[in-house]
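S.K.: predicted model and sequence follow; I will ask about them next.
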Amino acid sequence: MSDPRDRRLLFLAPTDRDAATTQAMLAPLGVDIHVCRGFADVLAELRAGAGAVLLPEEAATNVQIDAFESYLRAQPPWSDLPILLLTRHGADSEQANQAVRALGNVTLLERPVRVATLLSAVRTALRARERQYQIREHLAERQRTELSLRLADQRKDEFLATLGHELRNPLAPLLAALQLLKTAAGNEAVTARVTVVMERQINHLVRLVSDLLEVSRITRGLIEVRREPVDLAFVIHSAIDTSRPAIEAAGHVLTVELPPAPVIVNGDQVRLTQIFANLLTNAAKYTNSGGRIDVVVRRDADQAVLSVRDNGIGLAAHQLSTVFDMFTQVDRSSRRAQGGLGIGLTLVRSLVAMHGGSVEARSEGLGRGSEFVVTLPVLTERRPVAAEPAAMTPFPARRILIVDDNQDASDTLGTLLEALGATARVAHTGRQALDALDEFSPDSVLLDIGMPDMDGYEVARRIRGNPKHAEVLLIALTGWGQETDQRQAQLAGFDHHIVKPLRLERLRELLSTGWLPAEELEPDRPR
């Protein structure tokens with residue numbers, strides 16, 4: 001907000017009577033007049049702010065004009081201070097001419113000045129000054145925008161560098177593990193050890209991609225929370241199980257304090273677990289080995305308050321307000337090389353807000369640890385549904401046709417489904433898939449979209465156009481996961497749309513449920 005002093009008219013009155021008369025004339029305009037007692041007072045008040053200056057000619061001596069000119073030369077580019085100069089009657093004085101030459105934006109008013117003339121001149125000067133202030137605000141806004149863009153560009157560059165680093169890290173052990181499998185054929189001990197490494201690194205890659213997709217979905221409003229009564233104690237234990245590898249790998253001591261009575265919220269169990277797993281993983285990441293992490297859950301009236309505190313590297317005061325921003329990381333030093341992509345806390349803030357809650361970062365400073373406090377509304381009307389782990393049901397005995405031009409992916413998936421009890425056939429092109437339909441008679445088709453000879457949409461339309469295959473369960477298995485892709489899959493006749501990588505639990509669920517009407521088609525969601 002601008003300073004009110006910027007709208008003042010500074011008046012160096014020849015006499016007290018002139019000051020009083022001028023104030024009385026300008027009062028109806030609502031002009032704020034500041035009467036100066038000398039030229040030094042004028043210069044001092046100019047530095048505090050002014051809309052225009054009204055001076056008598058006799059005040060414009062050479063020395064004073066030089067001082068005034070020096071001030072005006074220091075104006076910012078947007079500023080051109082209006083000056084109203086009262087001249088003597090009938091005189092074309094050298095002083096007035098010198099003032100016009102030196103001071104620039106000067107309006108001469110011959111005395112005695114008619115009231116209408118003075119009012120018009122003052123109004124015009126202040127209105128012109130107001131336009132200058134608008135230019136000032138525009139320039140300031142542009143400067144803020146440019147600064148914001150530079151900061152965003154810097155964060156983008158840092159993010160891309162971090163993304164490249166994070167993606168390369170798991171690729172190196174994966175390649176090494178594959179080479180080891182080639183050279184250790186038949187050695188079960190080596191195979192077992194390498195398999196664990198590969199699974200861990202692949203899960204890391206999947207999590208990186210999933211986090212990126214989660215942020216994209218949230219920003220586009222595609223994430224929904226499936227609310228039900230949830231006991232926060234179960235959520236905390238699930239989050240600890242998820243983040244335990246990071247905590248134990250760093251040798252941290254974890255303590256958990258839960259209230260004696262259940263604290264129930266109306267929320268999405270999966271999303272709530274995601275929130276606190278991210279906070280725990282973040283605490284493990286930014287706490288030196290052998291540190292301490294404390295989790296406390298308490299109820300405060302109709303609010304549940306959950307705290308994750310660590311004795312790690314802490315946060316500076318200015319980081320408390322930015323730590324939840326996209327692509328922000330507290331420490332990008334090489335020592336924290338496994339720092340992730342800087343979007344975990346952004347996800348936390350968004351998911352907490354979707355549950356009607358808030359999250360706050362606290363720290364006493366660098367090196368003094370951090371605390372993240374989540375507040376959620378408590379549900380008092382209903383008891384929670386008992387949270388029992390889902391039983392692993394047998395894989396349904398389905399005949400599944402897998403269609404994907406990526407031979408490694410399709411052949412591996414076919415072998416895996418055969419090992420799990422299904423009957424699988426693989427096709428690597430759309431035409432091969434159509435040829436296999438009559439011969440193999442599948443009841444389910446896992447169909448890739450982006451294939452060179454005939455895309456998955458066209459294959460799906462041809463399958464749906466054949467009455468013999470009207471009841472086949474069509475599942476799009478694709479890397480394309482935008483809303484438009486899901487809609488296009490629905491129009492082509494798909495029953496479900498799954499984004500790669502395929503989760504076997506989700507496929508088992510779809511095959512067990514069977515065919516759903518097209519209007520129930522929905523994208524795969526993390527569980």
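M.R.: Perfect, I can see it now. Numbering: from 1, shown residues only.

S.K.: going forward, measure contacts and count neighbours with C-alpha atoms only.
M.R.: Noted.

S.K.: which strands and helices lie in contact with the biggest helix by length in the chain?
M.R.: In the chain, assigned by DSSP state H, the helix with the most residues is helix 115-183. Contacts defined by 3 or more Cα pairs under 8 Å, 6 or more residues apart in numbering; DSSP states H and E place helix 115-183 against helix 16-26, strand 52-56, strand 83-87, helix 188-219.

S.K.: and those as JSON lines, adding distance to Leu351?
M.R.: As requested, the helices and strands packed on helix 115-183 are exported to JSON lines (distance: least, Cα to Cα, whole Å):
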{"stretch": "helix 16-26", "distance to Leu351": "58"}
{"stretch": "strand 52-56", "distance to Leu351": "53"}
{"stretch": "strand 83-87", "distance to Leu351": "58"}
{"stretch": "helix 188-219", "distance to Leu351": "8"}
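
S.K.: comparing the ones you listed by mean pLDDT, which bottoms out?
M.R.: In terms of mean pLDDT, the lowest-scoring of those is helix 188-219 (a mean of 71).

S.K.: what's the closest of the helices and strands packed on helix 115-183 to Gln482?
M.R.: Closest approach to Gln482 among the helices and strands packed on helix 115-183 is made by helix 188-219 (8.7 Å; Cα to Cα).

S.K.: show me where pLDDT drops low in the stretch 401-527 of the chain?
M.R.: 514-527 (pLDDT under 70).

S.K.: on that earlier part again, got a markdown table for the helices and strands packed on helix 115-183, with mean neighbour count too?
M.R.: What follows is the helices and strands packed on helix 115-183, written out as a markdown table (neighbours: other Cα atoms under 10 Å):
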| stretch | mean neighbour count |
| --- | --- |
| helix 16-26 | 14 |
| strand 52-56 | 23 |
| strand 83-87 | 22 |
| helix 188-219 | 15 |
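
S.K.: strand partners of the helix or strand harbouring Arg425, parallel vs antiparallel please.
M.R.: Under the criterion of DSSP states H and E, Arg425 resides in strand 423-427. Strand pairing for strand 423-427, using DSSP bridges, gives strand 399-403 (parallel).

S.K.: need the residues that contact the strand it pairs with.
M.R.: Residues from elsewhere that reach strand 399-403 (Cα atoms under 8 Å, 6 or more residues apart in numbering): 410, 413-414, 422-430, 433, 441-448.

S.K.: change it to 7 Å
M.R.: 410, 414, 422-429, 433, 442-448 (Cα atoms under 7 Å, 6 or more residues apart in numbering).

S.K.: report the angle between the helix or strand following it and strand 423-427.
M.R.: Moving toward the C-terminus from strand 399-403, the next helix or strand (DSSP H and E) is helix 407-419. For helix 407-419 against strand 423-427, the angle by axes from the mean of the first three to the mean of the last three Cα atoms, to 10 degrees is 170 degrees.

S.K.: and for helix 407-419, what are the contacting residues?
M.R.: Identification of contacts with helix 407-419 by Cα under 7 Å, 6+ apart yields 402-404, 424-426, 428.

S.K.: residue contacts, the closest residue to Arg298 other than its chain neighbours?
M.R.: Nearest residue to Arg298, sequence neighbours excluded (Cα to Cα, 6 or more residues apart in numbering): Val305, at 5.4 Å. The neighbours of Val305, taking Cα under 7 Å, 6+ apart as the test, are 297-299, 373-376.

S.K.: now do the domain split for the chain, please.
M.R.: Following automatic domain parsing, the chain resolves into domains at 4-140, 154-219, 228-377, 399-520.

S.K.: rewinding a little: buried subset of the contacts of strand 399-403?
M.R.: 410, 414, 422-429, 433, 442-448 (16 or more other Cα atoms under 10 Å).

S.K.: which residues does the strand holding Arg425 contact?
M.R.: Residues contacting strand 423-427 (Cα under 7 Å, 6+ apart): 398-404, 410-411, 414, 417-418, 433.

S.K.: would you format those residues as CSV with distance to Asp153 included?
M.R.: Converted to CSV, those look like this (distance: Cα to Cα, whole Å):
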residue, distance to Asp153
Arg398, 50
Arg399, 51
Ile400, 47
Leu401, 46
Ile402, 42
Val403, 41
Asp404, 38
Ser410, 39
Asp411, 42
Gly414, 44
Leu417, 45
Glu418, 49
Ala433, 46
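
S.K.: of these - the most surrounded one?
M.R.: For the contacts of strand 423-427, counting by other Cα atoms under 10 Å, the largest number of neighbours falls to Val403: 31 neighbours.

S.K.: beta-bridge partners for that residue, please?
M.R.: Ala427, Leu447.

S.K.: quick one on the thing from earlier: from the contacts of Val305, which two are the most distant?
M.R.: Among these, the pair separated by the greatest distance (Cα to Cα) is Arg299 and Val373, at 12.7 Å.

S.K.: list the residues that contact Gly356.
M.R.: So Gly356 contacts 376-377 (Cα under 7 Å, 6+ apart).

S.K.: how much space between it and Leu477?
M.R.: Shown here: Gly356 relative to Leu477, a distance of 34 Å by Cα to Cα, to the nearest Å.

S.K.: again with Ala140
M.R.: With distances taken as Cα to Cα, Ala140 is found 50 Å from Leu477.

S.K.: where in the stretch 151-300 of the chain is pLDDT low?
M.R.: Within the stretch 151-300 of the chain, the ranges that satisfy pLDDT under 70 run 155-170, 172-173, 204, 207-208, 210-224.

S.K.: can you do 80?
M.R.: Residues of the stretch 151-300 of the chain meeting the criterion pLDDT under 80: 151-187, 190, 193-194, 196-226, 242, 270.

S.K.: and the stretch 1-150 of the chain, by the same measure?
M.R.: Short version for the stretch 1-150 of the chain, where the test is pLDDT under 80: 1-2, 59-63, 88-99.

S.K.: quick one: end-to-end distance for stretch 66-81.
M.R.: Start-to-end span of stretch 66-81 (Cα to Cα) is 16 Å.

S.K.: buried residues in it?
M.R.: For stretch 66-81, the neighbour count (16+ other Cα under 10 Å) marks 68, 72, 80-81 as buried.

S.K.: and if you look at stretch 128-143?
M.R.: The neighbour-count check on stretch 128-143 (16+ other Cα under 10 Å) flags 128-129, 132-133, 136 as buried.

S.K.: next one: that stretch to chain centre, how far?
M.R.: When distances are taken as Cα atoms, centre = their mean, to the nearest Å, stretch 128-143 is centred 30 Å away from the chain's centroid.

S.K.: measure Asn406 to Leu447 for me?
M.R.: If you measure Asn406 against Leu447 using Cα to Cα, the figure is 12 Å.
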